[in-house]
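A.B. asks: quick one: sequence plus predicted model below, questions after.
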Amino acid sequence: MDSYTPKPEHKFTFGLWTVGNLGRDPFGEPTRSRLSPVELVRLLAEAGAYGVNFHDNDLVPIDATAAERDRIVREFKQALADTGLVVPMATTNLFTDPVFKDGAFTSNDPAVRAYALQKTMNAIDLGVELGAKVYVFWGGREGTETDASKNPLDAAKWFRDALNFLCEYVLDNGYDLKFALEPKPNEPRSDLYLPSVGAMLGFITTLDHPDLVGLNPEVAHEHMAGLNFMHAVAQAWDAGKLFHIDLNDQLFGRYDQDLRFGSVMLKQAFFLVKFLEDVGYTGSRHFDAHAYRSADYEDVKEFARGCMRTYLILKEKAQRFNNDAEIQALLREITADDGVYAFLAQGYSRDAAAQLRATPFDRATLGARRLPYERLDQLTVELLLGVR
Ligand code: DIG
Ligand code: MN
Ligand code: MN
């Protein structure tokens, strides 16, 4: 035990599909044997996780009978009781079965769209039964290879209709549940609709119950698009829409790597953790990641521990940043405000506009102002490298 040992208060969660990843990839067969949901719960408990999440079919196979479903759920509940793990989030697998080959909610086939709705209603019931308060929608098949196949306006309408229907389902059943949409730019479709946090935020405003719908941003997915993930998270937070978050790591411009948190873009991970801790984010820290294909289950456990330890180490680095006298002095210098322009703080008025119009500005002096960002960033790097 050290100060980087995970505790329930840290709210670290993993999906069954993460530590249960079998090591299959597009070019290779599984390298790990399948563990049951109960075995995965025990593995996560040993690693120190707070909670476990699942897609409906991670827990209950798509062709399970009602009796098999009940047995599986009963045994899973017992494992949760034995370990103390909770289920903060659930979601639907609307991407594995071939029926979804052209999408689920945005399939051209109305029968598939209807089946996706039915499957999601049942999956919501399962998630609520196990205690989930957040329900994620990742549209892994909601996209195209050829835009000859679908009008994006039809796709948007069908997706909107599905979410409106499901929001009404949640309200009608009195479920304490909110929806978190998870964007991704591509993969497994050539282009996915609603590819980024920004696109999703715009889409949410078109829904009937926008208050019930927020974001589940994922590091890897914004990185795939070459975007600054912390900026995306800040925009979701600013909109009151950061309902959940998928933590992992990812090199820019590659396929979805879902790497161990903080294992690649360490500086980006630091600024993300600093943001989440500075604003007091209280949601799950969900690691939607998986171990290398080369890992056995002992190394899978190390993967899970690594995700949580790196988060806690970066959390301590963020505290050191906030308490570093030299860094904070530089930030005070950079953000100094003598109050001369406070007359603009209340927004527009004719007086403010008149006073502004009469205000002289010396561009040369303003442009010559000192901004010690090299010093500031070097101090940040040295803090991350452990020499301050
Ligand atoms: C992949 O990034 C997606 C699916 O694993 C799941 O629907 C969602 C849950 O976090 N993330
Ligand atoms: Mn991913
Ligand atoms: Mn994800």
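C.D. replies: In hand now; what should we look at? Ligands and ions are numbered 1, 2, ... in the order given.
A.B. asks: how's the chain carved up into domains?
C.D. replies: 8-323, 325-384 (automatic domain parsing).
A.B. asks: near ligand 1, anything from the strand or helix carrying Glu222?
C.D. replies: Taking DSSP states H and E as the definition, Glu222 sits inside helix 219-224. No - legend: contact between helix 219-224 and ligand 1 by CB under 6 Å from any ligand atom is lacking; minimum distance shown is 6.7 Å. (Each C-beta comes from the backbone N, C-alpha and C, glycine too.)
A.B. asks: if we can go back for a sec, any idea which of the domains of the chain is most buried?
C.D. replies: Of the domains of the chain, the one with the most neighbours on average (mean count of other CB atoms under 10 Å) is domain 8-323, at a mean of 19.
A.B. asks: from one end of it to the other, what's the distance?
C.D. replies: When the termini of domain 8-323 are compared using CA to CA, to the nearest Å, they are 26 Å apart.
A.B. asks: could you do stretch 131-148 as well?
C.D. replies: End-to-end for stretch 131-148, by CA to CA: 42 Å.
A.B. asks: wait, does that stretch contact ligand 1?
C.D. replies: Yes - Stretch 131-148 lies within reach of ligand 1 by CB under 6 Å from any ligand atom, at 136, 138.
A.B. asks: ligand 3: which of the domains of the chain is closest?
C.D. replies: Closest to ligand 3 of those, according to CB to the ion: domain 8-323, at 3.6 Å.
A.B. asks: so how far is the closest one from its chain's centroid?
C.D. replies: 7 Å (CA atoms, centre = their mean, to the nearest Å).
A.B. asks: before we move on, back to that, dump the domains of the chain into TSV; add distance to Asp2 as well.
C.D. replies: Output for these, formatted as TSV (distance: least, CB to CB, whole Å):
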stretch	distance to Asp2
domain 8-323	9
domain 325-384	19
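A.B. asks: I'd like those laid out as JSON lines, including mean pLDDT.
C.D. replies: Conversion of those to JSON lines gives the following (pLDDT from 0 to 100):
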{"stretch": "domain 8-323", "mean pLDDT": "98"}
{"stretch": "domain 325-384", "mean pLDDT": "97"}
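A.B. asks: what helix or strand is Trp237 located in?
C.D. replies: Going by DSSP H and E, Trp237 is in helix 229-238.
A.B. asks: okay, that helix in CSV with CA atoms only?
C.D. replies: Listed in CSV are the C-alpha atoms of helix 229-238, where the atom choice follows Å, rounded to 0.1, in the frame of the first residue of the first chain:
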residue,chain,number,x,y,z
PHE,A,229,-9.0,16.0,-25.4
MET,A,230,-8.8,18.3,-22.3
HIS,A,231,-10.3,21.1,-24.3
ALA,A,232,-13.2,18.8,-25.4
VAL,A,233,-13.8,17.8,-21.8
ALA,A,234,-13.7,21.4,-20.7
GLN,A,235,-16.4,22.3,-23.3
ALA,A,236,-18.6,19.4,-22.2
TRP,A,237,-18.1,20.5,-18.5
ASP,A,238,-18.8,24.2,-19.4
